[in-house]
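Engineer: Please work out how this folds:
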Amino acid sequence: MLRMKKILRAAAVGILLAALLVFLKNEYGRYLLSHASYGMQALITEQQESSRDAEGVNLFIGSSMFRKGLDIRELEEGMEGDNYILSYNGTRPFQSYEEVLYATENGVKIRHLYVDLYAYAMLVEPWVEDERLFLETDLPFKIRLWTAMRPYSSNCVKDFWQMFVTANNERLLCWPVDSALTNAQFQRGGTITEDAGYGVGSLQETTFDVPDAEPAAFNEAQESYLRELIRFCQEKDVPLTFIETPKYKNVMYEEQYVALMRAYLQLLNDENAAYYIAEDTAVTCQEETQNRTACKGVVSFRTDNPEYYSDVIHLSGAGKTAYTRELVRVLNETEGG
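Structural biologist: Sure, this is the predicted structure:
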């Protein structure tokens, strides 16, 4: 009996120590990233400490297509107010919605919210692919994410362990080197490095792994989160605009991509949510919408210039600068900056 008590006491102490280590890791990571040049915690810290713009920040939330497709220097030079790009790989409506809630709950005032418009994002179950988000947010938020993702997990214990215990450990161990290298590549959340363009032969030969689904197969949870994001912005009086970044013509004219875009735009039309689409595409504003307040217009950009693309769905350094310059011009013309 006495031995069993000792075992239970040792187990309890072990659990408490493990919980303490997880908590300390979480707080340590957030502290380290509070003064980085990218990510959620840096955005929150900047907004809490800065009085640069009392009207808030133009917040661009999206996947790697925003990180590689938007030039923060062009945004800062051409748009009125402060700008910040909050980009994580594989961001989808579920994650965008949760990020907006978390940011506003932590004092971020949004002047205008711009969201990545990517049709294929509507096909998959709610999940967070980029582990960086787990290091840059607090424990209650991580628990909220894990709870939302749990119904779609094949092994929730394993996912819990990865999210709370093992994720980003190598970054923390290598922090002095990692932070120096990474911070130099970012400015207010946007990359300032220059990805090279592909040769036309490479892009023409590249195939894109198109998800095998029909527009009617939009993931119900993702669609629900998208509608919740729109309604949240409407209730909080936050201007919201969706932006489709250009892809190489292999993707833009792919039959399923066009069909999915039609379905996505119809959803935005139904919700009266503003959006811009790429001009050189099989989908046009005039064709897709009867609600001209939803479709703000097109952003003229070439989808057949290989120098503008680092792969079939991401812009190169030259493409990023050229596209953002045109985007800023269109935004200023239609929205007054």
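Engineer: tell me which helix or strand of this structure sits lowest on mean pLDDT?
Structural biologist: When each helix and strand of the chain is scored by mean pLDDT, DSSP states H and E, helix 200-205 comes last, with a mean of 55.
Engineer: which residues touch the very next helix or strand once past it?
Structural biologist: Using DSSP states H and E, the helix or strand that directly follows helix 200-205 along the chain is helix 220-235. Residues from elsewhere that reach helix 220-235 (Cβ atoms under 8 Å, 6 or more residues apart in numbering): 92-94, 96-97, 100-101, 113, 115, 121-126, 152, 238-240, 267, 271, 273. Every C-beta, even on glycine, is put in place using the N, C-alpha and C of the backbone.
Engineer: Show me what the very next helix or strand once past helix 220-235 is packed against.
Structural biologist: Following helix 220-235 in sequence order, the next helix or strand is strand 240-243 (DSSP H and E). Counting contacts by 3 or more Cβ pairs under 8 Å, 6 or more residues apart in numbering; DSSP states H and E, strand 240-243 packs against strand 110-116, helix 220-235, strand 274-278.
Engineer: could you redo the last one with a cut-off of 6 Å?
Structural biologist: strand 110-116, strand 274-278 (3 or more Cβ pairs under 6 Å, 6 or more residues apart in numbering; DSSP states H and E).
Engineer: Export those as TSV, with columns for distance to residue 76, mean neighbour count and mean pLDDT.
Structural biologist: Output for the helices and strands packed on strand 240-243, formatted as TSV (distance: least, Cβ to Cβ, whole Å; neighbours: other Cβ atoms under 10 Å; pLDDT from 0 to 100):
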stretch	distance to residue 76	mean neighbour count	mean pLDDT
strand 110-116	14	23	96
strand 274-278	19	22	90
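Engineer: where in the stretch 201-337 of the chain is pLDDT low?
Structural biologist: Filtered on pLDDT under 70, the stretch 201-337 of the chain yields the residue ranges 201-216, 280-293, 336-337.
Engineer: Next, the residue nearest the centre of the chain: phi, psi?
Structural biologist: Centroid check for the chain by Cα atoms, centre = their mean gives residue 62 as the closest residue, at 2.5 Å. Note on residue 62: backbone dihedrals following degrees, to the nearest 10 are phi -180, psi -170.
Engineer: Could you list which residues are in contact with it?
Structural biologist: With contact taken as Cβ atoms under 6 Å, 6 or more residues apart in numbering, residue 62 is in contact with 87, 91, 116.
Engineer: any idea which of the residues you listed is closest to residue 160?
Structural biologist: For those, the residue nearest residue 160 by Cβ to Cβ is residue 91; the value is 21.4 Å.
Engineer: Tell me if that closest one really is in a strand.
Structural biologist: No. Inclusion of residue 91 in a strand is not indicated when DSSP: H, G, I helix; E, B strand; the rest coil is applied; the result is coil.
Engineer: nearest spatial neighbour of it, skipping sequence neighbours?
Structural biologist: Of all residues not flanking residue 91 in the chain, residue 63 sits nearest, at 4.3 Å (Cβ to Cβ, 6 or more residues apart in numbering).
Engineer: what do you get for residue 301?
Structural biologist: Counting by Cβ to Cβ, 6+ apart, residue 246 is the residue found nearest to residue 301 once chain neighbours are left out, at 4.7 Å.
Engineer: from what I can see the one you found touches residue 300, true?
Structural biologist: No. At 9.7 Å, residue 246 does not count as touching residue 300 under the criterion of Cβ atoms under 6 Å.
Engineer: If you count surrounding residues, which of these two has more?
Structural biologist: Taking neighbours as other Cβ atoms under 10 Å, residue 246 and residue 300 compare with residue 246 leading, 28 against 14.
Engineer: The more buried one: what's it in contact with?
Structural biologist: Taking Cβ under 6 Å, 6+ apart, we find residue 246 in contact with 278, 301, 303.
Engineer: got it, and residue 40?
Structural biologist: If you count contacts by Cβ under 6 Å, 6+ apart, residue 40 has them with 136-137.
Engineer: how far away is it from residue 309?
Structural biologist: 28 Å (Cβ to Cβ, to the nearest Å).
Engineer: same check, this time on residue 300
Structural biologist: 16 Å.
Engineer: What residues of stretch 306-325 count as buried?
Structural biologist: Across stretch 306-325, burial judged by 16 or more other Cβ atoms under 10 Å covers 306, 308-324.
Engineer: likewise stretch 258-266?
Structural biologist: Using 16+ other Cβ under 10 Å as the test for burial, stretch 258-266 gives 258-265.
Engineer: swap in stretch 236-252?
Structural biologist: Using 16+ other Cβ under 10 Å as the test for burial, stretch 236-252 gives 238, 240-252.
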